[in-house]
Each structure stands twice: as structure tokens, then as C-alpha cells.
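J.: this one's sequence-less:
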């Protein structure tokens, strides 16, 4: 899969600094728009506002996705607490 940061304009020119809407990011991440909006509002994704509307630079989204993927593969496995419970005597 090619990196998300490489896209083309209508004339075929490369647009490495493409700016995305919440709706476009939701499609790329396969999430609900409401979820992406909440993530932006909470500062969980690299988003910014222009006149009250959320936007994300595609290169920033690429970098964030890469960081998230690395963190997910290097994080220690969490124990399932439900299985670790002991019964009281």
C-alpha cells in the first residue's frame, strides 16, 4: 500500500501537504466521523482548526499512524484481569 502522503491533484501533480477533512480522515481510518471528531477534540490525532473546522495534514496523519503502529507492536501485552482474579476463601 502506498503511503498516504502521496496524492495527486486534478492535474496529476503530487500534493505532499494535502489537507484533509474529518470526513476524509474517517474514510481513510475506517472510523465513524463522530469518532474522528472526538479524537481531534481530545488532541489524540494531529488536527487543527481553520475557522472552526477541523483539518489534518496528510503527512502528519501518516506520521501519527506510523507512531501508533510502532507503539502497538512494541507495547507489552496486558494481562486479562478477569482471569487473574482469585476467589476469596
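T.: That came through fine. Given the structure is predicted, the values throughout are model-derived calculations rather than measurements.
J.: CA only for contacts and neighbour counts going forward, please
T.: Noted.
J.: pull the longest helix from this protein.
T.: For the chain, the helix that runs over the most residues, judged by DSSP state H, is helix 58-74.
J.: list the buried residues for that helix?
T.: Of all the residues in helix 58-74, those buried under the rule 16 or more other Cα atoms under 10 Å are 58, 59, 60, 61.
J.: wait, the last one sits on residue 44?
T.: No. Judged on Cα atoms under 8 Å, residue 61 makes no contact with residue 44 at a distance of 11.2 Å.
J.: do a quick rundown of the strands in the chain.
T.: 19-21, 47-50, 53-57 (DSSP state E).
J.: redo those strands as a markdown table? Include mean neighbour count, distance to residue 69 and mean pLDDT.
T.: Putting the strands of the chain into a markdown table (neighbours: other Cα atoms under 10 Å; distance: least, Cα to Cα, whole Å; pLDDT from 0 to 100) gives the following:
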| stretch | mean neighbour count | distance to residue 69 | mean pLDDT |
| --- | --- | --- | --- |
| strand 19-21 | 16 | 21 | 96 |
| strand 47-50 | 14 | 18 | 97 |
| strand 53-57 | 17 | 18 | 97 |
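J.: export the ones you listed as CSV, with columns for distance to residue 40.
T.: As requested, the strands of the chain are exported to CSV (distance: least, Cα to Cα, whole Å):
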stretch, distance to residue 40
strand 19-21, 11
strand 47-50, 6
strand 53-57, 7
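J.: so where is this protein shaky, pLDDT-wise?
T.: Residues of the chain meeting the criterion pLDDT under 70: 1-16, 77-89.
J.: please redo it, this time with the cut-off set to 80
T.: Counting by pLDDT under 80, the chain shows low-confidence ranges at 1-17, 75-89.
J.: so residue 58 sits against residue 17, correct?
T.: Yes. The pair residue 58 and residue 17 passes the contact test of Cα under 8 Å, sitting 6.3 Å apart.
J.: got the contact list for residue 56?
T.: Contact analysis of residue 56 by Cα atoms under 8 Å, 6 or more residues apart in numbering lists 19, 20, 21, 22, 25, 46, 47, 48.
J.: hmm, the second one is touching residue 58, no?
T.: Spelled out, it's residue 20. Yes. Counting by Cα under 8 Å, residue 20 touches residue 58, with 6.4 Å between them.
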